[in-house]
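Participant: Here is my input; please provide its structure:
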Amino acid sequence: MIIRLMRYLASHKAVFNIDVDVNDKASLEQALDYLNGELLGDVKSTREFCLQGTARNKLLKLRFVHRGDLLSKRMLNNQLDIAWAEKVRSDLSSLNVRLSGKEQAVSEFIFAHAALSHPELVDKLVDFVDRITIFSSMPEGKLLSYSDLVSVGLMSAVAILLYAPEEKDSAIALFNALGKFRDGSYSDRFAGALLVRLYKERGYDDVACDVFANHLASFMCYPDSRWSTKIEDIETAKLVGNVQLVMALKEALVRWGADFIMSQPDEYLNTFIRPVLQDEDALEQLTVVLEPLIAQSKQAEAED
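Facilitator: Prediction:
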């Protein structure tokens, strides 16, 4: 299978069609090598891909296609004769988010699962996610977003958590990098709701708790005004006394606090942590962790 890169201008945006046979490991590997080696090969090429000759990053028309058609949930129903089609279709339904209009995100998710179904390709998909993380984390970094407004790499990170959870650190690093943007992974309406559903699908296990902890910790810097609508889907009864979540929260708070000055710590605890944990002993443990961050915040205010 040959990757066909078709570039033409549509509303001043280049279109990148990566034609991949999801039944063929060699085709999937070639697609990943193209993504990692050319489009995201280094900072310069990634910036060129992001900006496309302008001063502002573009909404990217990067499309994963199979025999010319965009990989889609509909294609899983009747066009792809592959053993895992029902599994992916079921998982997309279980995540229970509004996928209408998110066609590019869905195509990336299907592509990611296809790659992860081959153990030899796991590292290459992780490399794809890591390259986006590095670029987004740089001081001059920007969001790489599809024209459907979903961040490139987000659905691959979700697929990693579902199908290759041993690589969770790569997924969390991407969520954290994107979460430092106003419309990044944690506060974004679509991505935030998607992650909340993911926690439930994983049964609030250790993997889910590690992601959830960073999700909550991010709000110490970038509060989510829509959190009250998302917390309705959190099964808080399953989190009371969850030792793994408390441990993960301690680590996540320190990680986020190292980069940002915390504002309104009491409000943060009462708005985002107390409704989830419903455990005063756990809150006390987290308050101890927050004390040096609170002191740092007060010192910064005094200096201003």
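Participant: I'd like to know which elements the helix ranked longest in the chain is packed against.
Facilitator: With secondary structure taken from DSSP state H, the chain has its longest helix at helix 280-303. Contacts defined by 3 or more Cβ pairs under 8 Å, 6 or more residues apart in numbering; DSSP states H and E place helix 280-303 against helix 243-257, helix 265-268. From N, CA and C alone the C-beta is placed, and that goes for glycine too.
Participant: for those helices, which one sits closest to residue 186?
Facilitator: With Cβ to Cβ as the criterion, residue 186 lies closest to helix 243-257 of these, at 10.6 Å.
Participant: what's the angle from the closest one to helix 280-303?
Facilitator: 0 degrees (axes from the mean of the first three to the mean of the last three Cα atoms, to 10 degrees).
Participant: How far off centre is the helix or strand hosting residue 44?
Facilitator: When elements are assigned from DSSP states H and E, residue 44 belongs to helix 43-51. How far helix 43-51 lies from its chain's middle: 20 Å, per Cα atoms, centre = their mean, to the nearest Å.
Participant: before we move on, back to that, which residues in the longest helix of the chain does the neighbour count mark as buried?
Facilitator: Within helix 280-303, the residues scored as buried using 16 or more other Cβ atoms under 10 Å are 282-283, 285-286, 289-290, 293-294, 297.
Participant: Whichever helix or strand comes after the helix holding residue 44 pairs with which strands, parallel or anti?
Facilitator: Remark: after helix 43-51, the chain's next helix or strand is strand 59-66, criterion DSSP H and E. Sheet pairing for strand 59-66, assigned by DSSP bridges, gives strand 13-19 (parallel), strand 69-70 (antiparallel), strand 145-146 (parallel).
Participant: What mean pLDDT does strand 59-66 get?
Facilitator: Mean per-residue pLDDT for strand 59-66: 87.
Participant: Output it in CSV, but only the C-alpha positions, please.
Facilitator: The C-alpha trace of strand 59-66 is given here as CSV (Å, rounded to 0.1, in the frame of the first residue of the first chain):
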residue,chain,number,x,y,z
LEU,A,59,-7.4,23.9,11.6
LEU,A,60,-5.9,20.9,10.0
LYS,A,61,-7.5,18.8,7.3
LEU,A,62,-5.5,15.6,8.2
ARG,A,63,-7.7,12.7,7.2
PHE,A,64,-7.2,8.9,7.7
VAL,A,65,-8.9,7.3,4.7
HIS,A,66,-9.4,3.7,3.6
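Participant: From the rest of the structure, what touches that strand?
Facilitator: Strand 59-66 is contacted from outside by 10, 13-22, 31, 39, 49-50, 70-71, 75, 79-80, 104, 107-108, 110-111, 144-147, 149, 152, using Cβ atoms under 8 Å, 6 or more residues apart in numbering.
Participant: Just the element for residue 130, please.
Facilitator: In the assignment (DSSP H and E), residue 130 maps to helix 122-137.
Participant: ok, and for stretch 110-128, which residues are buried?
Facilitator: Buried positions in stretch 110-128, judged by neighbour count with 16+ other Cβ under 10 Å: 110-117, 121-122, 124-128.
Participant: what's the answer for stretch 28-35, then?
Facilitator: Here stretch 28-35 shows 28-32, 34-35 as buried, counting by 16+ other Cβ under 10 Å.
Participant: What ranges in the stretch 201-304 of the chain fall below the confidence cut-off?
Facilitator: 263, 297-298, 300-304 (pLDDT under 70).
Participant: May I have the predicted confidence score for the nearest residue to residue 87 once chain neighbours are set aside?
Facilitator: Among residues not flanking residue 87 along the chain, residue 113 sits closest, at 7.9 Å (Cβ to Cβ, 6 or more residues apart in numbering). Each residue has a pLDDT score; the one for residue 113 is 96.
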